[in-house]
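Engineer: Generate coordinates for the sequence data below:
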Amino acid sequence: MTSAAPQMKPWIEAMHAYVPGKSSAGAPVVAKLSSNENPWGPSPMAVAAMQAVLADGHRYPDPASTALREALGRKYGVKPEHIICGTGSDEILHMIASSFAGPGDEIIHVRHGFAVYEGATRRVGATPVVVPDVDYTGDIDAILRAITPATRVIYVANPNNPTGTLLPAADVRRLIAGLPSDVVLVLDCAYAEFVDGEYEDGLALAQTLPNLIVTRTFSKIHGLAAQRVGWAVAALPLIAAMERVRGPFNVTTTGQAAAVASLGDDAHLAMVRRETIRLRGWLEGEIAALGNAGLRAIPSACNFILIEFPESGPVSAADCNQYLLDHGIICRYLAVQNMPRCLRISIGTETETRTVAAALRDYVEGAGASA
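Structural biologist: Next comes the predicted model:
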């Protein structure tokens with residue numbers, strides 16, 4: 001018997017734990033704008049549906065999420081057998097890597113993409129291939145050039161988190177057309193409902209193409225982040241592969257009930273979309289007014305705005321983040337994602353959004369006065 005301690009696999013050792021947005025500040029919290037949550041909360045119909053099933057907490061949930069897949073099929077014109085549900089779309093992103101990649105394989109994602117992509121890649125021992133973008137936006141030609149015989153999966157978020165940028169529909173279709181047939185393209189459309197304009201959501205294509213998976217979530221516009229409900233659409237062979245690695249009973253009974261009810265509350269969803277887009281535009285204008293200090297709002301199609309700060313001078317993302325924390329406003333400082341010049345601010349309620357705009361202005365004016 002040896003005395004050696006258990007050793008983690010080298011690809012696990014190379015991973016970094018996911019770092020969520022902060023939930024506390026150096027002062028009483030005035031506005032939590034760090035995690036792109038829906039500040040208006042879930043539909044009252046969803047809350048009632050959760051309450052109605054609480055007494056069944058001793059029973060396992062439907063492992064196939066049957067009622068939810070049927071409701072999604074009716075809502076989006078997708079056959080339920082082409083849908084798989086997960087513990088948030090995060091679980092589905094991990095399912096995809098587990099199903100189609102492993103040691104010796106490559107998985108592509110863009111430089112400023114969702115942090116889960118690298119984690120999902122390293123978890124299965126595959127090699128992450130990071131493709132440069134253009135001004136925080138994915139570069140289709142660069143992605144296509146990065147494909148090698150070892151490529152198995154490509155993750156593309158559209159709109160993209162954490163930058164908020166949107167790939168035009170024509171670019172998405174060009175990427176799909178340029179893929180080898182044995183490479184799985186994942187269109188992560190977690191923020192699809194906040195796009196205001198032309199958009200390729202991929203849902204119709206994913207039912208027919210053999211190598212396209214579209215992922216969606218109930219965490220954003222539906223306001224069900226705590227319930228962890230995600231879903232994906234794909235061809236039947238891809239669904240069958242993911243079913244092999246899907247956790248049993250992975251979507252809770254309360255989550256399934258809430259999601260079905262939320263899909264039926266068009267008025268609530270329309271309100272969240274309308275207010276998000278309105279306040280996003282207003283906040284972009286407020287940030288543009290601070291352009292003389294070097295701040296730039298990256299055009300966003302999501303429920304957040306990415307602010308780029310100047311390379312040097314009296315204002316910086318790090319200092320602004322601390323100023324906001326000191327005043328009870330929690331945003332997302334992106335140094336941990338190699339974006340030390342950037343702050344990401346989720347769209348909050350009217351009061352929260354106006355509060356953070358005023359605080360940004362006070363910070364810039366104060367920094368300029370002390371320079």
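Engineer: Hmm, Ala146 is touching His109, no?
Structural biologist: No. Contact criterion CB atoms under 8 Å: Ala146 and His109 do not qualify, at 9.9 Å. Heads up, the C-betas are built off the backbone N, CA and C, glycines and all.
Engineer: Could you name every residue contacting both of the two?
Structural biologist: Val129, Val131 (CB atoms under 8 Å, 6 or more residues apart in numbering).
Engineer: higher neighbour count, those two?
Structural biologist: His109 (27 against 18; other CB atoms under 10 Å).
Engineer: can you pull the buried residues of the helix or strand hosting that one?
Structural biologist: His109 belongs to strand 106-110 when elements are defined using DSSP states H and E. Under the neighbour-count criterion of 16 or more other CB atoms under 10 Å, strand 106-110 has Glu106, Ile107, Ile108, His109, Val110 buried.
Engineer: out of those, who's nearest Glu81?
Structural biologist: Nearest to Glu81 out of the buried residues of strand 106-110 is Ile107 (CB to CB; 26.5 Å).
Engineer: a markdown table for the buried residues of strand 106-110, including pLDDT?
Structural biologist: Below are these laid out as a markdown table (pLDDT from 0 to 100):
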| residue | pLDDT |
| --- | --- |
| Glu106 | 98 |
| Ile107 | 98 |
| Ile108 | 98 |
| His109 | 97 |
| Val110 | 96 |
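Engineer: Show me the two of those that sit farthest apart.
Structural biologist: Glu106 and Val110 (14.2 Å).
Engineer: what bits of the stretch 1-150 of the chain have low per-residue confidence?
Structural biologist: Low-confidence segments of the stretch 1-150 of the chain (pLDDT under 70): 1-2, 18-26.
Engineer: Which residue ranges of it form strands?
Structural biologist: 31-32, 83-87, 106-110, 127-131 (DSSP state E, counting those that start in this stretch).
Engineer: would TSV of those strands with distance to Leu187 be doable?
Structural biologist: Formatted as TSV, the strands of the stretch 1-150 of the chain follow (distance: least, CB to CB, whole Å):
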stretch	distance to Leu187
strand 31-32	29
strand 83-87	15
strand 106-110	12
strand 127-131	16
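Engineer: nearest to Phe249, of the ones you listed?
Structural biologist: Using CB to CB, the strands of the stretch 1-150 of the chain put strand 83-87 closest to Phe249, at 10.0 Å.
Engineer: Provide the strand pairings for the closest one, with the direction of each partner.
Structural biologist: strand 229-234 (antiparallel) (DSSP bridges).
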